[in-house]
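Student: Structure of the sequence below:
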Amino acid sequence: MLKLEEMDTHVTMREQLFSNTDGSIVLMNIFHVDPSQADILVAAWKEDAEYFRAQTGLISAQLHRGIAGSGTFMNYAVWENLECFRTAFTSPEFQEKLARYPDGMIGSPHVFQKLTVPGICVA
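Tutor: Sure, this is the predicted structure:
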């Protein structure tokens, strides 16, 4: 089963989920798994992505894998707003799905928003 670990030492995922944030958000989730279990992770992630696509507010999702046989994966998902993500993520249906992930696998989800850095990028 998937073990969740906080990505940030200053704010928890739960605090993020129940904060008041306007605008689109990005969920980034870093997964660590034994490389021999990569196919199990990808299959479970695909099923989750199909569930999230059926929910209101998902704009896009992309799974990435570290190169050279890495067991580190990154999910990058863009949502219309935090409320849509919170509703989908905290649903009992989704929470039950977490049991399908390989034993010993670690996930570190965190919610982000784009920043404007003058002269470099816009939000």
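Student: just the strands in this structure please.
Tutor: With DSSP state E as the criterion, the chain has strands at 3-4, 25-32, 58-65, 72-79, 106-112.
Student: Serialize these to JSON lines and add fields for distance to R100, mean neighbour count and mean pLDDT.
Tutor: From N, CA and C alone the C-beta is placed, and that goes for glycine too. Formatted as JSON lines, those follow (distance: least, CB to CB, whole Å; neighbours: other CB atoms under 10 Å; pLDDT from 0 to 100):
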{"stretch": "strand 3-4", "distance to R100": "14", "mean neighbour count": "12", "mean pLDDT": "92"}
{"stretch": "strand 25-32", "distance to R100": "13", "mean neighbour count": "19", "mean pLDDT": "98"}
{"stretch": "strand 58-65", "distance to R100": "15", "mean neighbour count": "14", "mean pLDDT": "98"}
{"stretch": "strand 72-79", "distance to R100": "15", "mean neighbour count": "18", "mean pLDDT": "98"}
{"stretch": "strand 106-112", "distance to R100": "12", "mean neighbour count": "17", "mean pLDDT": "97"}
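Student: With distance to V42 as new columns, can these be given to me in CSV?
Tutor: As requested, these are exported to CSV (distance: least, CB to CB, whole Å):
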stretch, distance to V42
strand 3-4, 18
strand 25-32, 10
strand 58-65, 7
strand 72-79, 8
strand 106-112, 14
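Student: who's the most centrally placed residue in the chain bridged to?
Tutor: Central residue of the chain (CA atoms, centre = their mean): N29, 3.8 Å from the mean position. Beta-bridge partners recorded for N29 (DSSP bridges): N75, P109.
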